[in-house]
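Participant: Next one to model:
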Amino acid sequence: MVTERFTQILLKAFPSSTALHKSYNRSRFLYHRGYYMPSERVAQAEADLQSRRALLSEYTEKWKTLTERTNQEIDEILARAPQYRERGHDAVLREDMMFCRFAYGFKPDEYLAYCLEQKNPPERKAYVSSRDLLCMIYQVNDRMDYRVYNDKAKTYERFAPYYHREAVSISREEDYEGFLDYIHRHPVFVKKKVSEAMGRSVELIDSANCGKTERELFSGLIAQGKCLLEERVIQSAAFAALNQSSVNTVRCITYYTRHGVEVPYCFIKIGRKGSFVDNGGAGGILVGIDSHSGKFNTDGFDEFITRYEKHPDSGIHFQGYQLPDIPQLIELSKQLSAMTPSVKFVGWDFAHTDQGWVIIEGNGMSQLIGPQIVWERPVKAEMERCLKDMDLLAE
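Facilitator: So this is what the prediction gives:
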């Protein structure tokens with residue numbers, strides 16, 4: 001197998017080589033697939049506690065870096081999740097979390113989200129884990145091409161007409177004049193680091209009232225790394241009613257198949273009072289959307305799987321709440337997905353304004369935790385059905 005490092009060198013020399021692109025994806029697919037325990041030993045371990053402990057002992061020694069990282073994630077989720085706060089020293093729970101990470105690829109937050117403690121082995125395997133997802137992504141998304149989604153500035157360049165707002169990226173001193181020109185026209189703007197995810201680094205800045213000179217503001221921004229500055233989105237009344245302080249966005253998952261683009265899941269991320277972002281890490285709430293009627297068809301759930309029949313701040317009742325222009329959103333998602341057929345799995349985030357839908361960002365490594373949380377069911381069978389209808393880059 002050609003190594004990833006050598007493949008990267010070859011790709012720079014021969015960027016149009018289909019064979020090299022597939023080799024690159026295959027190397028990453030095989031790497032992530034290698035982090036599963038053998039299925040026959042997993043089955044034995046699920047049936048016998050002593051076998052499980054022996055298997056865990058063997059693989060914690062074999063996968064030391066993964067073990068260390070997973071223990072840190074377990075510590076964090078046990079400390080933060082209300083369900084586990086009193087069980088931080090529960091050795092059996094920690095052991096099962098580690099086993100699910102090694103056997104099936106579930107991170108500790110997924111263990112909580114899918115209630116895996118109460119699930120039997122077939123039920124556990126029916127959910128898409130983060131490692132399942134990575135393997136799928138390297139099968140369907142050309143790793144060289146989906147990098148356009150890993151840099152928010154590149155995403156904007158690629159899909160600028162669908163943002164319906166002006167943006168500029170800054171990263172070095174030479175960008176200062178362009179920065180000045182931009183903030184003089186848009187003194188209030190949204191700043192995002194181009195490589196961050198989950199709402200981290202997103203900040204609303206009022207350049208005229210931030211207590212800094214223009215030079216100080218610019219220097220502070222580029223010190224953080226490459227940033228994208230965008231005009232603030234003013235959402236429509238139907239979306240602002242849910243939570244006014246945040247821009248509440250709809251995530252549409254798209255699959256580019258041999259028979260066209262499918263949009264199997266749409267759900268909304270709604271912020272909490274006083275928060276500018278809608279992400280779960282900031283207390284945001286996820287709600288499922290019926291993509292035919294445009295109505296909410298689930299209760300709301302936060303990152304700790306707390307269920308909400310209505311928004312705790314605005315009081316809006318979730319199930320049955322009507323969103324506008326959903327047919328237009330589905331068609332827009334399909335249109336955008338078709339523009340990059342080599343990236344067959346994308347999570348699109350949209351905001352709704354009085355003029356219609358606008359892109360917030362595209363995600364070439366989108367998660368499937370949202371659909372599995374809000375509809376409270378696994379989606380691996382659906383994912384595998386779509387895979388059978390795609391031209392794969394790695395198998």
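
Participant: Could you report the neighbour count for residue 19?
Facilitator: Residue crowding around residue 19 was assessed by other CB atoms under 10 Å; the count is 10. For every residue, glycine as well, the C-beta is placed using N, CA and C.

Participant: How is it assigned, secondary-structure-wise?
Facilitator: Taken by DSSP: H, G, I helix; E, B strand; the rest coil, the conformation at residue 19 corresponds to helix.

Participant: Spit out the contact partners of the closest residue to residue 204 other than its chain neighbours.
Facilitator: Counting by CB to CB, 6 or more residues apart in numbering, the nearest residue to residue 204 once its immediate chain neighbours are dropped is residue 276, at 5.3 Å. Neighbour list for residue 276: 202-204, 245-247 [criterion: CB atoms under 8 Å, 6 or more residues apart in numbering].

Participant: Which among those residues count as buried?
Facilitator: When those are checked for burial by 16 or more other CB atoms under 10 Å, the buried set is 202, 245-247.

Participant: Just flag the most distant two among these.
Facilitator: Of all pairs drawn from the buried ones among the contacts of residue 276, the one with the largest separation by CB to CB is 202 and 245; the distance is 12.9 Å.

Participant: residue boundaries of the helices in the stretch 1-150 of the chain?
Facilitator: Counting by DSSP state H, counting those that start in this stretch, the segments of the stretch 1-150 of the chain that form helices are 4-13, 18-33, 39-47, 49-62, 64-80, 91-103, 108-113, 121-125, 130-140, 147-150.

Participant: Check residue 70 and give its pLDDT.
Facilitator: Here, the pLDDT recorded for residue 70 equals 97.

Participant: separation between it and residue 45?
Facilitator: Distance of residue 70 to residue 45, given as CB to CB, to the nearest Å: 16 Å.

Participant: Repeat that for residue 303.
Facilitator: 29 Å.

Participant: Pretty sure residue 346 sits against residue 254.
Facilitator: Yes: counting by CB atoms under 8 Å, a contact exists between residue 346 and residue 254, whose distance comes to 5.1 Å.

Participant: give me the low-pLDDT residue ranges for the stretch 251-395 of the chain?
Facilitator: Using pLDDT under 70 as the threshold, the predicted model of the stretch 251-395 of the chain has low-confidence ranges 278-282.

Participant: my read: residue 305 touches residue 113, true?
Facilitator: Yes: taking contacts as CB under 8 Å, residue 305 lies within contact range of residue 113: 5.8 Å.

Participant: which one of those two has more residues nearby?
Facilitator: Neighbour count, other CB under 10 Å: between residue 305 and residue 113, residue 113 has more, with 22 against 17.

Participant: The closest residue to that one other than its chain neighbours: what's it in contact with?
Facilitator: The shortest distance from residue 113 to any residue that is not its chain neighbour, by CB to CB, 6+ apart, is 5.3 Å, and that residue is residue 373. The neighbours of residue 373, taking CB under 8 Å, 6+ apart as the test, are 113-114, 286, 301, 305.

Participant: can you tell me which two in those residues are farthest apart?
Facilitator: Put simply, by CB to CB the two of the contacts of residue 373 set farthest apart are 114 and 286, 13.9 Å from each other.

Participant: Report pLDDT for the closest residue to residue 112 other than its chain neighbours.
Facilitator: With CB to CB, 6+ apart as the measure, residue 81 is the residue that lies nearest to residue 112, at 5.6 Å, once sequence neighbours are left out. Here the pLDDT value assigned to residue 81 is 92.

Participant: Wasn't the residue nearest to residue 113 part of a helix?
Facilitator: Yes: note on residue 373: a helix contains this position according to three-state DSSP.

Participant: Residue 273 versus residue 313, what's the distance?
Facilitator: Plainly put, residue 313 is 4 Å away from residue 273 if you go by CB to CB.

Participant: For residue 289, give me phi and psi.
Facilitator: Main-chain dihedrals, residue 289, degrees, to the nearest 10: phi -120, psi 130.

Participant: Contacts only, for it.
Facilitator: Contacts of residue 289 were listed using CB under 8 Å, 6+ apart, and they are 250, 266-268, 295-297, 323, 326.

Participant: how does it look with 10 Å?
Facilitator: Under the criterion of CB atoms under 10 Å, 6 or more residues apart in numbering, the contact list for residue 289 reads 250-252, 265-268, 295-298, 321, 323, 326, 329, 374.
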